[in-house]
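Colleague: no FASTA, just this:
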Ligand code: ADP
Ligand code: ZN
Ligand code: ZN
C-alpha cells in the first residue's frame, strides 16, 4: 500500500477533539513513517502546529482532496509500537478518557529525555603488555601518574573516564597523552542507570517444587509453551510458595526467548521482590516505579524495549513495559485496590494485563491468598483457570487465632481499647522479649455508628451498607442513595444508650499503650510517620532489627517484611473496616485481618493472634479467624447477588465538584434527570445524588451519583453521554466531573 494518507490521533486535552483526523503524507516522509510515529501537523482554522500519532494509513479519502493538509515533519524521537498505541485506544474507550491521557500513562514521562552519554576508556594492551610497560616506567618519577593509570587498567580494562581519573588520581591530560600513545582509547558509551546494585545480591537456585507447586507449574508451563491466552488464578495462602511458582514459570518464559512482567501492589514491596528475582535471574531484571529518577525510568524503559531486560517488576505502571514479546504477566496480590488507578485514566492493571496478554497470546497469572470475589467467581465459572495451593511450603510454627467479644468486655465494665485477653497477652509477650504488632484497620473515613453493647450497626435499608455519621448536622446518611435519618440516641435493637460513632486513631492508641506499658519501646506507623522517601522502610527496618517491642499501625503493617520475632498480633477493632460505607467493606476486612494475623509466628516460635470485635458472628471475622477463604466467599457472594453488586452488576460513580454548593446540587439533579430520560428501559439504576464520603475538600464541594447496570458497555455509553451533557451544562466552568467505572474505594 502506498502511504498516501495517514490517520492521525492528536494529543490534545479537549475531549470533543479527541478523534481521528486524516492528513496527507509528503512523499519524502513515506519511507520513514510507520504506525506509532510522532509527527507535526497544522491543526484547526489557524493551522496551529501540534503533534500527533499515526494510527494507520490509507490510499483514498472520502473528502475533497484539495482540502487535505499535510504532515509537516516527523519527530526524531522513537514513536511507540503499534501494540501500545492500540492499547491506548483500548484504554480511551474502556475508561472513557482522552487519547492524551491514555498516551500520557503509557509512555515514560519524557520520551525525549536524552540518553546519558558518558566517556569511557578501553585498554588497547593485554595484561602482559600492561605489566611490561609498568615495569619500564617503574623507576621514573615523572611517569608515576601513567603507571597508576596502567595499574587501574590491569584490573579494569574497560572503565568510565571519570572513574579512572579518580582511581589513578590523574588529570584528563595524562589520559589524553596515553591515548595518543595508543595505550588506550576513548569510547563514548551510554551508561545505564540501574536502580539497584547487582553486586549486593547473592544468587539462588530453584527449590524442588512440592506436589501442589508442580501441578501448578505443569499447567502454567503448558500455557506458556503453547501460547495459550489463559488467565490463571493462583489461590494460595501466604507462604504456600506462590512466589517460587512465579519464578519457575518465568524461567520457562525466558527459555522460549520471551519476557515477563511481575506486578506488585505497592512501591514499598519492590525491594523485597526485586531481591528475590535478581538473586534468581541476575541483570535481566528491571524495575519500574514512580520513585525512580526520570533518567532511571527512561533507561529501564529503553532497556526493556531493546530486549536487554527480560523481567519487569513494579507496581501498577509496570504493566506498560515496552517488551516486544511477552510470555507471561503476573499480578501478585491481585485483590489489592492499588491496581486500580485513582488518576484518569482510571484503569485497572488486571484489565490492561488481560488485554496485553491477548495481543501477545500469553497467559496471565493472578496470585492471592484472598482473591477478589469477582476473580474467584470468574474462576469458579470457568472464565479463569483456578489453581489452589493449600499447603504451607515450609513447615511453619503453628498459629493460634482467637476472637474476643468486646460487648462482653463492656458488660464486665472494661471500657478501654484493650480486652483483658489482649492486655494479658501483650504483657506475657513483652516478658518473653518477643515482639507485638497492634493493628488498627482504619480505612479512609470510617465513621459509622454502632451499639457497643449488642454490636448492632446502623445501616441503610436499601443498600445494606453502614450509614456515615455527619457531625455537623447529627445525621446518618447513606452515601450511595443519600437516604438520611437523624442520629439515634438509643439502640434500635437492644435499647441501650451505648450507641456511638466508631473511630480511634493510631496516635491515641500509641499514647494509651505507652502509658500502660511504660517499659516497652513503641513504634507507630501510619501516614504521618511514613512521609519521605524511605519512611515506610525505615520504621519496618527498625522493628525488624528489634529496636522496638510494639509496632502500632494501620494497614501498612499488614504487608512486606518478614518479622521472625513477632509472636503476637492484636487486631484492635476489626469492626472498624467492616462498616465503612462501601459494599466491599466485608471483603476488605476479611483480607486485612487474614493478612495481619498471618504475620504472627513466622519464625520458629508459635504465633498467636487476637481479634477484638463487637460482631464476632460476622462471617468476615469468623472466616478470618479460621483462615477459611471459601466460607467467606460463599457468604459474600450471596450478599453481592442479593444487593446487586459486583460481579453481578457493573457500577459507575460520577463525582461532581464545585465551589458553589447550591449550583452543584442543582446540577446533580439536572444530570440525574437527563440520565433518567436517557435510560428509558436500558435497565440502568441511578442512586443519589448524595454528598461524597469526602464531601468537602479545600472549599470544593463534592457530590456523587452512582449508576448500576447489567453490562459494562451500557456504562461506557452513558459515560460518553454524561461528558456531552456536562460540556453543554457547564457554561460557567465552575464544576468539574470525574467518572469512575467499577470504582474501588481504598
Ligand atoms: P508465597 O509467595 O505464597 O507467600 P513463597 O514463595 O514466598 O510463598 O514461599 C514461602 C517460603 O517457602 C519461602 O521462604 C520459600 O523459600 C519457601 N518455599 C517455597 N517453595 C518451596 C519448596 N518447594 N521447597 C522448600 N521451600 C519452599
Ligand atoms: Zn442507601
Ligand atoms: Zn444495642
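Modeller: Yep, that arrived. What you are looking at is a predicted structure, and each value in this text was computed from that prediction instead of being measured. Ligands and ions are numbered 1, 2, ... in the order given.
Colleague: mind listing the helices for the stretch 451-600 of the chain?
Modeller: Using DSSP state H, counting those that start in this stretch, the helices found in the stretch 451-600 of the chain span residues 506-516, 535-544, 575-578, 585-597.
Colleague: pLDDT (mean, whole number) over the third one?
Modeller: It stands for helix 575-578. Averaged across helix 575-578, the pLDDT comes to 83.
Colleague: starting at the chain centroid, how far to that helix?
Modeller: 23 Å (CA atoms, centre = their mean, to the nearest Å).
Colleague: may I see the buried residues of it?
Modeller: For helix 575-578, the neighbour count (16 or more other CB atoms under 10 Å) marks 575-578 as buried. For glycine as for every other residue, the C-beta is placed from the backbone atoms N, C-alpha and C.
Colleague: out of these, who's nearest ligand 2?
Modeller: residue 578 (17.1 Å; CB to the ion).
Colleague: any idea of the pLDDT on the closest residue to that closest one other than its chain neighbours?
Modeller: In space, and not counting its chain neighbours, residue 578 is closest to residue 589: 4.5 Å by CB to CB, 6 or more residues apart in numbering. Looking at residue 589, its pLDDT reads 93.
Colleague: and if you look at residue 415?
Modeller: So residue 415 comes in at 85 (pLDDT).
Colleague: contacting residues for it?
Modeller: residue 409 (CB atoms under 8 Å, 6 or more residues apart in numbering).
Colleague: you'd agree it is in a helix?
Modeller: No: assessed by DSSP: H, G, I helix; E, B strand; the rest coil, residue 415 does not belong to a helix; its assignment is coil.
Colleague: show me what contacts the residue of the stretch 401-550 of the chain found nearest ligand 1?
Modeller: Going by CB to the nearest ligand atom, ligand 1 is nearest to residue 544 of the stretch 401-550 of the chain, at 15.7 Å. Contacts for residue 544 (CB under 8 Å, 6+ apart) come out as 561, 563.
Colleague: picking up where we left off before, pipe the helices of the stretch 451-600 of the chain into TSV and attach distance to residue 473 per row.
Modeller: Shown next, in TSV, are the helices of the stretch 451-600 of the chain (distance: least, CB to CB, whole Å):
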stretch	distance to residue 473
helix 506-516	25
helix 535-544	37
helix 575-578	23
helix 585-597	24
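Colleague: which one of those lies closest to ligand 3?
Modeller: The nearest among those, by CB to the ion, is helix 575-578 at 13.5 Å.
Colleague: can you list contacts of the closest one?
Modeller: 440-443, 446, 450, 455, 457, 502-504, 585-586, 588-589, 592, 613-615, 618, 620-621.
Colleague: show me where pLDDT drops low in the stretch 151-300 of the chain?
Modeller: Applying pLDDT under 70 to the stretch 151-300 of the chain picks out residues 188-194.
Colleague: tell me the residues of it that contact ligand 1?
Modeller: The stretch 151-300 of the chain comes close to ligand 1 at residues 207-210, 213, 236, 238-244, as judged by CB under 6 Å from any ligand atom.
Colleague: sorry, back to before: redo the buried residues of helix 575-578 as TSV? Include distance to residue 549.
Modeller: Shown next, in TSV, are those (distance: CB to CB, whole Å):
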residue	distance to residue 549
575	26
576	24
577	26
578	29
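Colleague: ranges for the strands of the stretch 251-400 of the chain?
Modeller: 259-263, 285-287, 311-314, 326-332, 364-368, 385-389, 399-405 (DSSP state E, counting those that start in this stretch).
Colleague: of all these, which one is nearest residue 603?
Modeller: strand 399-405 (11.6 Å; CB to CB).
Colleague: strands paired with the closest one, and their directions?
Modeller: strand 607-613 (parallel) (DSSP bridges).
Colleague: just after the strand it pairs with, pick out the following helix or strand.
Modeller: helix 619-625 (DSSP states H and E).
Colleague: helices or strands next to that next one in the packing?
Modeller: Other helices and strands packing on helix 619-625, by 3 or more CB pairs under 8 Å, 6 or more residues apart in numbering; DSSP states H and E, are strand 399-405, helix 585-597, strand 607-613, helix 629-643.
Colleague: save the ones you listed as CSV, and put in mean neighbour count and distance to ligand 3 too.
Modeller: As requested, the helices and strands packed on helix 619-625 are exported to CSV (neighbours: other CB atoms under 10 Å; distance: least, CB to the ion, whole Å):
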stretch, mean neighbour count, distance to ligand 3
strand 399-405, 18, 14
helix 585-597, 25, 20
strand 607-613, 24, 15
helix 629-643, 16, 22
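Colleague: tell me which residues of the host helix or strand of residue 159 are tucked away?
Modeller: Using DSSP H and E, residue 159 sits within strand 158-160. If you call a residue buried by 16+ other CB under 10 Å, then strand 158-160 has these buried ones: 159-160.
Colleague: after that strand, which helix or strand is next?
Modeller: Next along from strand 158-160, by DSSP H and E: helix 161-168.
Colleague: enumerate the residues of the chain near ligand 2.
Modeller: Counting by CB under 5 Å from the ion, the chain comes close to ligand 2 at 460, 462-463, 478, 480-481.
Colleague: filter those down to just the ones in strands.
Modeller: If you go by DSSP state E, those have nothing in strands.
Colleague: buried subset of those?
Modeller: 460, 463, 478, 480-481.
Colleague: near ligand 3, which of the residues you listed show up?
Modeller: Answer for those near ligand 3: none qualify (CB under 5 Å from the ion).
Colleague: count of neighbours near residue 744?
Modeller: Around residue 744 there are 20 other residues, counting by other CB atoms under 10 Å.
Colleague: same deal with residue 44?
Modeller: 11.
Colleague: contacts for the helix or strand harbouring residue 701 next, please.
Modeller: In this assignment (DSSP H and E), residue 701 forms part of strand 700-709. Under the criterion CB under 8 Å, 6+ apart, residues 479-481, 644, 649-661, 664-665, 668, 671-672, 675, 682-692, 694-696, 715, 718 lie in contact with strand 700-709.
Colleague: lowest-scoring secondary structure element of this protein by mean pLDDT?
Modeller: Within the chain, no helix or strand scores below strand 184-190, which has a mean of 75 by mean pLDDT, DSSP states H and E.
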